[in-house]
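Novice: Sequence first, predicted model second:
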Amino acid sequence: MVSCCAAAALLVTVSCGSETHDSGTEVNSSTEISGQVVVFTAASLTDVFGTMATAFEAEFPGAEVQLNLAGSSTLREQILGGAPAGVFASADERNMEVVGSAGELGSTPAIFARNSLQIAVPASNPGGVTSLADLADPDLFVGICAEGVPCGDFARMVLDASGVEASIDTNEGDVRALLTKIEADELDVGIVYATDVASSAGVAGIKIPREVNVEVRYPIATLAAAPNPGVAEAFVAFVLSPEGQDIIVAGGFGSA
Amino acid sequence: MTSESGRRSIRRHPPAVFIVLGVLGALIFVVPLLGLLKKTPWSDLPELLTSDIVLDALRLSIISSVAATAIALVLGVPLAWLLARVEFPGRRFVRAVVTLPMVLPPVVGGAALLFALGRRGLVGGPIYDVTGFVLPFSIWGVIIANTFVAMPFLVITVEAAFINLDQRFEGAAATLGASRLTVFRRVTLPMIAPSLAGGLVLTWARALGEFGATATFAGNLQGRTQTLPLAVFVSLESDRGAAIAISLVLVVISLVVLIGLRDRWWLR
């Protein structure tokens, strides 16, 4: 299933059949769930998982959630380096796959959120950007995320799919840094996640046509070395439960 | 060597606790270096080091770090002299502001530069409106980011030298009829030369390793703004062998310069 979904992400949109999330169906009774769980969380999920942790702790008063926030590739390296993580919530399937093939996962990854890309421009749109084709304009200041960073790899897929030879002025290290430069009006245009546009007051979004957009899937799984597997499983189940999915949707993401 | 033997009579064995703690202290710096060496793909090294990304970054790094050091020399020495010799209101404040980049996270400095010198910035805005010239995303942006972060090292080193200088020599030259500029050039400058050289090396080394302010202010584009540290960061995601190879270049350049100049200028 993992490879199937990774392939689908590469092929842009189009689903790869129905997914079964067997890890999310049963929630243990609250009496058994106590102790701490460290959730390795992709940086783009910062706000939504903060809310998630609070709601989980309210549901299971004996449990305590600690979030370790970083870029997905950094989290991957930390897990492979032996960090005592209970849950891994990644912003892309590739990093989850690497952790899986190293035998570090305790459960099959389940997709819990979806996102897509949007063109972001400063609120006043000084470059008069209307579509992806404008990214080829050498007179505009154009930024995307660097190669190897999920948002950078996805942006390149979108550009390739739409046949646009972008005239790039900067490859930013992460999506927040890119967004800051667009908000500051120093870049005329960039490609970021739809959720970033929704959460930023200083930028306006321009939709990318479905045919060339990517569907970014966020997988979650427990880890084999989880110090407290019961709480880790309960957290993953909570994220996939209707209550958890409401929090995901409220954060601007697409639900599982 | 001769002075060594002369001092030996009064020297005892160093205290064991100093040896243990001192060696531990040195290990903090040596161990990461060994980690880097152990991961180095030695057989691929020649190929990695002659790749376009490395050569582009090396060229940009050398140009921008040397340019930043030159600017620091031209602007930093007069600034250090003013701070050392002239009483003016707000001197303590200026002194603190000048050294701020040494303690500030470089990313913060880069963001501040962007808000000040970007095309919508406080100073960059009017410049852009009149001339159409944009600093960020160009090598000028890299040089400014490097100067901002590295120049304080020159200023504090040279300022200390000015303060510690025995002013009677300058006074003597002046009474003999030398103009102030001649005194500065012929008396002051030669006397502070060791500190100036040390400060220049520190400034250059800091500029060479600059990452945060450059990435935030100047962006990251191969061949235009991507210096060696930025190339390391980008390669760490995509090609770890290249990242380690570039790191090694940085380590070797820096070590050669620091070993060569440190003994010569600072520990005399």
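Specialist: Here it is on my side, so go on.
Novice: ok, the residue nearest the centre of chain A - contacts?
Specialist: Central residue of chain A (Cα atoms, centre = their mean): A:Ala91, 2.8 Å from the mean position. In this structure, A:Ala91 makes contact with A:Ala42, A:Ala43, A:Ser44, A:Leu45, A:Gly71, A:Ser72, A:Pro150, A:Val216, A:Tyr218, judged by Cβ atoms under 8 Å, 6 or more residues apart in numbering or on different chains. Bear in mind the C-beta positions are built from the backbone N, C-alpha and C, glycine included.
Novice: longest helix in chain B, by residue count?
Specialist: Taking DSSP state H as the criterion, chain B has its longest helix at helix B:52-85.
Novice: Check which residues of that helix are buried.
Specialist: For helix B:52-85, the neighbour count (16 or more other Cβ atoms under 10 Å in any protein chain shown) marks B:53-54, B:56-58, B:60-61, B:64-65, B:67-69, B:71-73, B:76-77, B:79-81, B:83-84 as buried.
Novice: average model confidence for that helix?
Specialist: When pLDDT is averaged along helix B:52-85, the result is 95.
Novice: counting contacts, what elements does it pack onto?
Specialist: Helix B:52-85 sits against helix B:91-103, helix B:139-164, helix B:189-208, helix B:228-238, helix B:240-265, with contacts defined as 3 or more Cβ pairs under 8 Å, 6 or more residues apart in numbering or on different chains; DSSP states H and E.
Novice: in chain A, which spans are helices?
Specialist: For chain A, applying DSSP H gives helices covering A:2-10, A:46-59, A:72-80, A:93-101, A:150-162, A:175-183, A:194-199, A:229-240, A:242-250.
Novice: got JSON lines for these, with mean pLDDT too?
Specialist: Shown next, in JSON lines, are the helices of chain A (pLDDT from 0 to 100):
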{"stretch": "helix A:2-10", "mean pLDDT": "37"}
{"stretch": "helix A:46-59", "mean pLDDT": "94"}
{"stretch": "helix A:72-80", "mean pLDDT": "89"}
{"stretch": "helix A:93-101", "mean pLDDT": "94"}
{"stretch": "helix A:150-162", "mean pLDDT": "93"}
{"stretch": "helix A:175-183", "mean pLDDT": "91"}
{"stretch": "helix A:194-199", "mean pLDDT": "88"}
{"stretch": "helix A:229-240", "mean pLDDT": "96"}
{"stretch": "helix A:242-250", "mean pLDDT": "95"}
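Novice: Go through those helices and name the closest to chain B.
Specialist: Of all the helices of chain A, helix A:72-80 sits nearest to chain B, with 6.1 Å by Cβ to the nearest Cβ.
Novice: before we move on, the earlier item: pop out the phi and psi values for the residue nearest to the centre of chain A.
Specialist: phi -90, psi 0 (degrees, to the nearest 10).
Novice: do A:Glu165 as well
Specialist: Here is the backbone geometry of A:Glu165 (degrees, to the nearest 10): phi -90, psi 90.
Novice: Report the spatially nearest residue to it, omitting neighbours in sequence.
Specialist: A:Ala136 (5.4 Å; Cβ to Cβ, 6 or more residues apart in numbering or on different chains).
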